[in-house]
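Colleague: For reference, the sequence and a predicted model appear below.
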Amino acid sequence: MPKLAQSGQEADAAALYSRSGAAAYGVSAEQFAAILDEILRKYLPHNPPHASAPVSPDYSTEKKNGFCAALRLEELALARACAAGNERAWQDFIGRYRQKLHSMALHITRDAAHAAELADSLFADLYGVNARNGVRSSKLVSYTGRGSLEGWLRTVMAQEFINRYRKQKRTVSLEEQTDEGVQFAAAIPEPACTSDPRLEAATDEALAELSSEDRFTLVSYYLDGRTLAEIAQTLGLHESSVSRRLDRLSTGLRKRILAGLRMQGMSHAQAAEALETDVRDIQLNLRSRLMQDSGTKTFPGNKVPAQDAGDGSTD
Amino acid sequence: MTEVPKIVYDRLRAARPEGALPDRSMPGRSMPGQSISGQTTPPPPHPDAELLTAFAEQALSATERAGVLEHLALCGDCREVVALALPTDLLAIPTAANAETEASAIPAKSRWSWLSSAHFAWPGLRWAALAAGVAVAAVVLLLHPGKLNQATLPSANQRVAPAADPRIASSPVESSPVASSPVASSPVQQLTTLAKADETRVKPELQMSKKFKAGQAASPLPAQSGMLLAGNKTGSAQADKPSAVPFGGPPAFEPGESAPRTVTESVQVAAAAEAVSVEPSSEDTLLARNPAPAIEKAKPALSEPEVIGQQNNQAAYGAAPAGLQSRNVMSAAKQSPSSNQTLARQRAVNQTLANETLANNVTWTIKTGILQRSLDSGQSWQNALHADRPLLCYAGRGLDIWTGGQAGTLFHSSDNGLTWVRVQPSVKTYGLTSDVTRIDIHDNLRDPVEIVVFTSNHEIWSSADGGRTWNKK
């Protein structure tokens, strides 16, 4: 019985290997099987550490086969061959993705200079310029074929961009804080703290009831300002579905928050008022807070602002 | 899209840092071998690029997808990565070309606002284009009745222009604004009332015709229509005279003549506006509504090549909003003497119905005391009236010609100079005996017109009934 399973797995592995075309890039069947094994161990935690070990549940074999079959084997072979330093694989990779990488970078950065910088640095990472212990480590090693190689490249680039942007933003915001005081960073979360704790609790409860997908939709639309098309594409839905879901969510949230407020002893009118007047409260709080801030700053500020202004202008 | 309560924003925003704040540099994001088993540790690590890609491509299993979604719901950084990594071709975001123009858009927020605006800009543009199309169609439809109107009556302008000519041609050189004011007063009233009624409709058309004129692309049809209207009025003003008949006649216009054509163009602006604003079907309303424009349009008919520019300006001036047309009437009246002065020898008048070919080309002059007439634009002259005393001045309006000379000589022809009648003005026993130096014909839209005769000893004689009775000032 285990013998049969073993032979079946070998046959499958051979089929996967031939499908990937890894042989053209000088990747042997054993190497490819090892790659697949590594990927399986990563994503299927119940998979036994070694294929030769006794297989307890048969379903894991089917699952494994299905999982492997769903991988993008050809792109996986290309990526791993590139990581291994195969010349032909690199030629193919550059031929296929070099142009795309540059347009991707342009799309992400919206600036030619930044785009070139981003694309070049990513190329360096992909090629593995940064050698560790004398061994070139290419970023392509981390590609596992679950998504398309192009999508993966885009994601990696976006992550790199976000990392850089975060660095820039952090320094900028720190300077702004020293220049302008804490209004910029603090003004937004503060009103929430000053709002009615019962309202907060009711809102948190209502939000906690949402599914993660609903919450993702809500946050993407209202906080991140994504378009319906973007959200729909991310979730694999139609735009109208997203729109309907948002409508349903906003009305449902309002109802649930009101219900939560009533549960805490508010009348319906009180609850509705608490929900509606909240915005005005925030504005009032903001205004009073800003006035206080400016009031406290004016006294010591006679000497300091000139310097601050100079710092600000240099940026 | 219905809005969510403000508190929801705040709580969503407050919840975000829990996942994203621990380390914003996203450690190990690109490191291989990271597990997404987010349930294990309280601050879950960011999903690696592999999983985010597979998530966006809908390639994850249900459990994996739920884990990634759970993280994404809280982590703004990863949401942004996913959004940035969306395939551009599916979102219809222009990449290279537009990105070149969009320089230095480093903050992510501005980039996304640009994206969303680009996304909604096209429907907006589409609506704008549709609105523009509707507007153009409306303008064409408004202009169209005027064109139909002209198409049926093509030659109206050619006869109308000369018809109005002799009236002003006869006005002496120093015609004062004061003298012209009674002429303008009554049409002004009518015109302003008309203008108020039609102002909203006329204005756009005026602008349109202005543009057409500037571009030299205007068709003469609107002008013809307008001239027809003018001609109708002029004809009715002379209804009691037999010589008014030629207005109904066939076209009598030499194609080689350049002046009338330019005249047509100069009148075009005002004419087009009139043609549009008036119902094309009702002849009665046409006549009733256009007495004032009749004057205005008749004025440019005076213009000969030398003053065409001047007259054109005037006509263009008349194309100002309808309320200003009354002012234009005044200015036209003022200007007529100067055109008389410079072009006294080249007047276009109608002759008779029987003599159609000559009708438009009769010009008058006085040479050595003899009134002469030319039928070929001044190339050859023939004596029209040789009075016993030298003639000094003349004036004409339509087929009416008045001429005066030394010692109270005054003749009148109502058939374009074929037959003459001596007129001897007198008040009681005092007759006109001094030299007639100037004759004005005042067209105040009454029929017959008012004749004013100035003499060398500063007498002013006027007749409001075609010369039968006279007053002396």
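Modeller: Looks like it arrived, so ask away.
Colleague: can you list the domains in chain B?
Modeller: Following automatic domain parsing, chain B resolves into domains at B:6-91, B:134-343, B:356-472.
Colleague: The ones you listed: lowest mean pLDDT?
Modeller: Per-stretch mean pLDDT for the domains of chain B is lowest at domain B:134-343 (a mean of 45).
Colleague: Bridge partners for residue B:421, pull those for me.
Modeller: Bridge pairing for residue B:421 (DSSP bridges) gives the partners residue B:412.
Colleague: Next, find the distance separating it from residue B:467.
Modeller: Noted for residue B:421: a distance of 8 Å to residue B:467, by CB to CB, to the nearest Å. (Glycine included, C-beta is placed from N, CA and C.)
Colleague: Over to residue B:4?
Modeller: Residue B:4 is 91 Å from residue B:467, by CB to CB.
Colleague: and if you look at residue B:372?
Modeller: 22 Å.
Colleague: Ok, residue A:106 next?
Modeller: 90 Å.
Colleague: what about the stretch 101-250 of chain A, any weak spots by pLDDT?
Modeller: A:129-136, A:166-195 (pLDDT under 70).
Colleague: just the helices in it please.
Modeller: Counting by DSSP state H, counting those that start in this stretch, residue ranges of the helices within the stretch 101-250 of chain A are A:112-127, A:149-180, A:183-186, A:189-194, A:197-208, A:212-218, A:228-235, A:239-263.
Colleague: can I get the ones you listed in JSON lines with mean neighbour count and distance to chain B?
Modeller: Output for the helices of the stretch 101-250 of chain A, formatted as JSON lines (neighbours: other CB atoms under 10 Å in any protein chain shown; distance: least, CB to the nearest CB, whole Å):
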{"stretch": "helix A:112-127", "mean neighbour count": "17", "distance to chain B": "6"}
{"stretch": "helix A:149-180", "mean neighbour count": "19", "distance to chain B": "4"}
{"stretch": "helix A:183-186", "mean neighbour count": "14", "distance to chain B": "12"}
{"stretch": "helix A:189-194", "mean neighbour count": "16", "distance to chain B": "4"}
{"stretch": "helix A:197-208", "mean neighbour count": "19", "distance to chain B": "5"}
{"stretch": "helix A:212-218", "mean neighbour count": "21", "distance to chain B": "4"}
{"stretch": "helix A:228-235", "mean neighbour count": "22", "distance to chain B": "6"}
{"stretch": "helix A:239-263", "mean neighbour count": "17", "distance to chain B": "5"}
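Colleague: could those helices be laid out in CSV, adding distance to residue B:78?
Modeller: Output for the helices of the stretch 101-250 of chain A, formatted as CSV (distance: least, CB to CB, whole Å):
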stretch, distance to residue B:78
helix A:112-127, 18
helix A:149-180, 9
helix A:183-186, 22
helix A:189-194, 21
helix A:197-208, 19
helix A:212-218, 10
helix A:228-235, 11
helix A:239-263, 19
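Colleague: mind checking which of those is nearest residue B:66?
Modeller: Residue B:66 lies closest, by CB to CB, to one member of these: helix A:212-218, at 6.5 Å.
Colleague: Other residues contacting the closest one?
Modeller: Identification of contacts with helix A:212-218 by CB atoms under 8 Å, 6 or more residues apart in numbering or on different chains yields A:207, A:210, A:231, A:235, A:242, A:245-246, A:249, A:253, B:4, B:8, B:12, B:66, B:69-70, B:72-73, B:79.
Colleague: Identify the residues contacting residue B:424.
Modeller: Each residue near residue B:424 by CB under 8 Å, 6+ apart is listed here: B:408, B:410, B:431-432.
Colleague: What of residue B:389?
Modeller: B:369, B:405-407, B:409 are the contacts of residue B:389 under CB under 8 Å, 6+ apart.
Colleague: Distance check, the residue nearest to residue A:123 when sequence neighbours are not counted against chain B.
Modeller: With sequence-adjacent residues excluded and distances taken as CB to CB, 6 or more residues apart in numbering or on different chains, residue A:123 is closest to residue A:101, at 7.0 Å. From residue A:101 over to chain B the distance is 12 Å, taken as CB to the nearest CB, to the nearest Å.
Colleague: export the contacts of residue B:424 to CSV and tack on secondary structure, distance to residue A:18 and neighbour count?
Modeller: Below are these laid out as CSV (DSSP: H, G, I helix; E, B strand; the rest coil; distance: CB to CB, whole Å; neighbours: other CB atoms under 10 Å in any protein chain shown):
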residue, secondary structure, distance to residue A:18, neighbour count
B:408, helix, 127, 21
B:410, strand, 122, 23
B:431, strand, 131, 13
B:432, coil, 126, 22
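Colleague: Of these, which pair is most distant in space?
Modeller: Among the contacts of residue B:424, B:410 and B:431 lie farthest apart (CB to CB), at 10.5 Å.
Colleague: Which neighbours do those two have in common?
Modeller: What both residue B:410 and residue B:431 touch, as defined by CB under 8 Å, 6+ apart, is the set B:424-425.
Colleague: residues contacting the residue in the stretch 1-150 of chain A positioned nearest to chain B?
Modeller: When distances are taken as CB to the nearest CB, the stretch 1-150 of chain A reaches nearest to chain B at residue A:147, 3.3 Å away. By CB under 8 Å, 6+ apart, the contact list for residue A:147 reads A:72, A:155, B:50, B:53-54, B:56-57, B:59.
Colleague: Likewise for residue B:371?
Modeller: B:364-365, B:383-387, B:391, B:394, B:403, B:417.
Colleague: Can you turn the buried part of those residues into a PyMOL selection?
Modeller: Buried residues within these, by 16 or more other CB atoms under 10 Å in any protein chain shown, are selected in PyMOL with:
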select buried, chain B and resi 364+365+384+385+387+391+394+403+417
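Colleague: Save the contacts of residue B:371 as JSON lines, and put in secondary structure too.
Modeller: Rendered in JSON lines, the data for the contacts of residue B:371 read as follows (DSSP: H, G, I helix; E, B strand; the rest coil):
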{"residue": "B:364", "secondary structure": "strand"}
{"residue": "B:365", "secondary structure": "strand"}
{"residue": "B:383", "secondary structure": "strand"}
{"residue": "B:384", "secondary structure": "strand"}
{"residue": "B:385", "secondary structure": "strand"}
{"residue": "B:386", "secondary structure": "coil"}
{"residue": "B:387", "secondary structure": "coil"}
{"residue": "B:391", "secondary structure": "strand"}
{"residue": "B:394", "secondary structure": "strand"}
{"residue": "B:403", "secondary structure": "strand"}
{"residue": "B:417", "secondary structure": "coil"}
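Colleague: And for the residue of the stretch 1-150 of chain A closest to chain B, nearest residue in space, chain neighbours not counted?
Modeller: residue B:53 (3.3 Å).
Colleague: burial measure for residue 12, as a count.
Modeller: No chain in the question, so chain A it is. 16 (other CB atoms under 10 Å in any protein chain shown).
Colleague: actually it's chain B I care about, not the one you picked
Modeller: Applying other CB under 10 Å, we find 19 residues neighbouring residue B:12.
Colleague: swap in residue B:129?
Modeller: Residues within reach of residue B:129, counting by other CB under 10 Å, total 10.
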